[in-house]
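# Got a predicted structure here, sequence first:
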Amino acid sequence: MGRVINKRILLGVCGGIAAYKAAELLRLLRKQGCEVRVVMTAAAARFVAPLTFQALSGHSVHSELLDPEQEQAMSHIQLARWADLLLIAPATADTLAKMAHGLADDLLSTLYLAAECPVYVAPAMNQAMWGKPVTQENIARLQQHGVTVIGPAAGEQACGEQGYGRMVEPAEIVQSVLIQSTGGLIAGLKLVVSAGPTREPLDPVRFISNRSSGKMGYALTKAAVAAGADVTLVSGPVHLPAPTGAKFIQVETALQMYQAVLNACADADLYIGAAAVADYRAKQVAGRKLKKGEAEDSVIELEKNPDIVAAVAGLLPKPWVVGFAAETDDLENYALGKLRSKNLDMIAANWVGRAEGGFDSERNALQVFWPDGRKTLEMADKTSLAVQLLQLIAERMHEKNPIKNP
Ligand code: C5P
């Protein structure tokens with residue numbers, strides 16, 4: 001992942017089987033440029049050795065409330081003041097209950113009470129424990145107190161049961177924390193994303209398409225869902241699982257994508273056109289498989305598809321509109337031309353056909369242009385790039401339409 005922010009994060013690790021995933025979480029936070037100090041409960045230290053977190057964070061792990069040596073190095077109050085953000089992952093039912101009721105009988109619960117920074121928890125527990133009214137009451141109480149709850153996710157649990165209670169995957173926690181803590185401007189927005197290629201049939205077995213993998217649009221969808229947006233993803237045919245938490249509309253042709261996007265955009269705040277829409281479709285689609293040489297002079301007549309992003313930009317009222325441009329040459333001129341001709345609010349341009357980045361790659365770099373500015377987002381994996389692009393979009397959107405103070 002690319003470098004997004006430079007935050008001091010206090011990572012609280014509780015005693016659950018998901019504690020081993022906190023090591024990966026720590027590694028990913030470090031990769032994002034965060035400085036991390038780890039606090040483990042006594043039970044957490046029975047699941048994963050503190051040495052693991054010491055090695056990954058570069059600092060000794062804090063676990064005792066009344067340890068004179070640790071208090072001398074950095075007291076629990078200093079530790080709480082040091083942090084820009086307290087993230088507890090995994091957060092067990094027990095620690096959540098303590099936090100909800102103001103108990104402070106160990107270092108982590110005491111730090112929560114002393115902390116004045118934003119607090120995030122990623123619960124992890126058995127599905128029955130998560131579903132218990134008392135746990136739900138505790139969660140609701142913590143949310144009222146301003147704690148952000150990430151997950152839990154549904155699926156198979158370590159105990160073999162199915163249901164809600166799995167800790168959200170580390171990469172998604174990082175994404176959620178970074179995007180929420182660096183703006184939170186996306187939360188509540190109604191967002192439509194298009195992704196992937198379209199397929200324009202020639203006959204029942206053949207089609208015209210392109211190399212788009214859909215990875216950028218899917219990464220944007222996941223990042224926006226994690227940031228609390230209400231997302232509709234309109235996707236052409238790709239080999240990616242439908243992202244959880246978003247409304248998913250599967251299409252094949254440009255005309256189908258056009259219909260689906262325009263319907264979804266009727267009351268949207270933001271449209272991001274990350275799809276690689278075929279510019280042309282066959283004028284005639286054969287009802288049966290074409291035989292060799294059957295098309296006259298081997299010529300296939302094409303007609304132009306409607307420009308989806310330009311149509312969305314022509315809606316009244318119009319959502320904020322972001323287009324993409326994939327170019328093999330003269331990137332800046334082509335991108336600026338499209339920004340103007342399609343009446344876009346922003347365009348994210350990238351090189352294609354080069355050694356790194358582009359359509360089927362895990363990584364990409366973007367040159368982003370808007371009518372009175374530009375920014376380069378350096379080569380990074382598409383997950384990180386999606387977070388950065390969303391932040392930029394949110395900043396630009398709110399600069400034009402500032403949030404009014406109540
Ligand atoms: O003109 P070009 O295809 O390079 O522009 C790319 C941008 O326009 C992308 O945002 C793409 O989703 C959008 N587009 C569209 N409908 C088309 C062609 C492109 O929305 N028919």
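Good, I have the coordinates.
# ok, now which ones touch residue 145?
Taking C-beta atoms under 8 Å, 6 or more residues apart in numbering as the contact definition, residue 145 lies against residue 100. C-beta here means a position set from N, CA and C on the backbone, and glycine is covered the same way.
# Can you read off the pLDDT for it?
Per-residue confidence at residue 145 stands at 90 (pLDDT).
# Quick check: it vs residue 330, distance?
Relative to residue 330, residue 145 is positioned 54 Å away (C-beta to C-beta, to the nearest Å).
# Equivalent analysis for residue 229, please.
Residue 229 sits at a distance of 34 Å from residue 330 (criterion: C-beta to C-beta).
# And for residue 290?
37 Å.
# Next: residue 353.
In this structure, residue 353 lies at 13 Å from residue 330, with C-beta to C-beta as the measure.
# Could you list the contact residues of the stretch 201-350 of the chain toward the ligand?
254, 273, 275, 277, 279, 305, 307-309, 323-325, 338 (C-beta under 6 Å from any ligand atom).
# on that earlier part again, more crowded one of residue 229 and residue 330?
For residue 229 against residue 330, the residue with the higher neighbour count under other C-beta atoms under 10 Å is residue 229, and the figures read 26 against 9.
# Excluding chain neighbours, what is closest to the most centrally placed residue in the chain?
Most central in the chain under C-alpha atoms, centre = their mean is residue 223, positioned 1.5 Å from the mean C-alpha point. Spatially, and ignoring its direct neighbours in sequence, residue 223 is nearest to residue 386 (4.2 Å; C-beta to C-beta, 6 or more residues apart in numbering).
# contacting residues around that neighbour?
Contact criterion C-beta under 8 Å, 6+ apart gives 216, 219, 220, 222, 223 as the residues in contact with residue 386.
# SS state for it?
Using DSSP: H, G, I helix; E, B strand; the rest coil as the criterion, the local structure at residue 386 reads helix.
# Now do it against the ligand, distance only.
Separation of residue 386 from the ligand (C-beta to the nearest ligand atom, to the nearest Å) stands at 15 Å.
# Over to residue 25?
When C-beta to the nearest ligand atom is applied, the distance between residue 25 and the ligand equals 34 Å.
# coming back round to it: okay, and which of the residues of the stretch 201-350 of the chain next to the ligand map to strands?
Counting by DSSP state E, the members of these that fall within strands are 273, 323, 324, 325.
# Turn those residues into a markdown table, including neighbour count and pLDDT.
Supplementary listing: those in a markdown table, determined by neighbours: other C-beta atoms under 10 Å; pLDDT from 0 to 100:
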| residue | neighbour count | pLDDT |
| --- | --- | --- |
| 273 | 28 | 98 |
| 323 | 25 | 98 |
| 324 | 25 | 97 |
| 325 | 22 | 95 |
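# Show me the shaky parts of the stretch 201-350 of the chain.
Under the criterion pLDDT under 70, the flagged ranges of the stretch 201-350 of the chain are 293-297.
# what sits against residue 92?
With contacts defined as C-beta under 8 Å, 6+ apart, residue 92 is in contact with 14, 15, 16, 41, 43, 123, 124, 125.
# For residue 177, state which of the ones in strands among the residues of the stretch 201-350 of the chain next to the ligand is nearest.
Closest approach to residue 177 among those (C-beta to C-beta): residue 324, at 26.5 Å.
# Surely that closest one is in contact with residue 347?
Yes: applying C-beta atoms under 8 Å as the test, residue 324 and residue 347 come out as touching, 7.0 Å apart.
# what do the two both touch?
With C-beta under 8 Å, 6+ apart, residue 324 and residue 347 have no common neighbours.
# circling back to that earlier point, ramachandran angles for the residue nearest to the centre of the chain?
Note on residue 223: its backbone torsions stand at phi -60, psi -40 [degrees, to the nearest 10].
# Got the domain ranges for this structure?
Taking automatic domain parsing as the criterion, the chain consists of the domains 8-180, 190-400.
# what's the distance between the last one and the middle of its chain?
Domain 190-400 has its C-alpha centroid displaced from the chain centroid by 17 Å (C-alpha atoms, centre = their mean, to the nearest Å).
# Now that residue 85 has come up, it's in contact with residue 29, right?
No: with contact defined as C-beta under 8 Å, residue 85 and residue 29 do not form a contacting pair (9.9 Å).
# joint contacts of those two?
Both residue 85 and residue 29 are in contact with residue 9, where contact means C-beta under 8 Å, 6+ apart.
# what about the two, which has more around it?
Just comparing residue 85 and residue 29: by other C-beta under 10 Å the higher neighbour count belongs to residue 29, 25 against 22.
# ok, now which ones touch the more buried one?
Contacts of residue 29 were listed using C-beta under 8 Å, 6+ apart, and they are 9, 11, 36, 174.
# Now do the helices in the stretch 151-300 of the chain.
Using DSSP state H, counting those that start in this stretch, the helices of the stretch 151-300 of the chain run over residues 170-181, 215-226, 254-264.
# Any chance of JSON lines for the ones you listed, columns distance to residue 365?
Formatted as JSON lines, these follow (distance: least, C-beta to C-beta, whole Å):
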{"stretch": "helix 170-181", "distance to residue 365": "19"}
{"stretch": "helix 215-226", "distance to residue 365": "12"}
{"stretch": "helix 254-264", "distance to residue 365": "26"}
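# Can you say which of the ones you listed is packed in most?
Of all those, helix 215-226 carries the top mean neighbour count, a mean of 27, counting by mean count of other C-beta atoms under 10 Å.
# how about the strands in the stretch 251-400 of the chain?
Counting by DSSP state E, counting those that start in this stretch, the segments of the stretch 251-400 of the chain that form strands are 270-273, 280-282, 302-304, 320-327, 346-351, 363-370, 373-381.
# er, the stretch 101-250 of the chain actually
Assignment of strands within the stretch 101-250 of the chain using DSSP E, counting those that start in this stretch yields the ranges 119-123, 148-149, 153-156, 162-166, 190-195, 200-201, 207-208, 230-235, 247-250.
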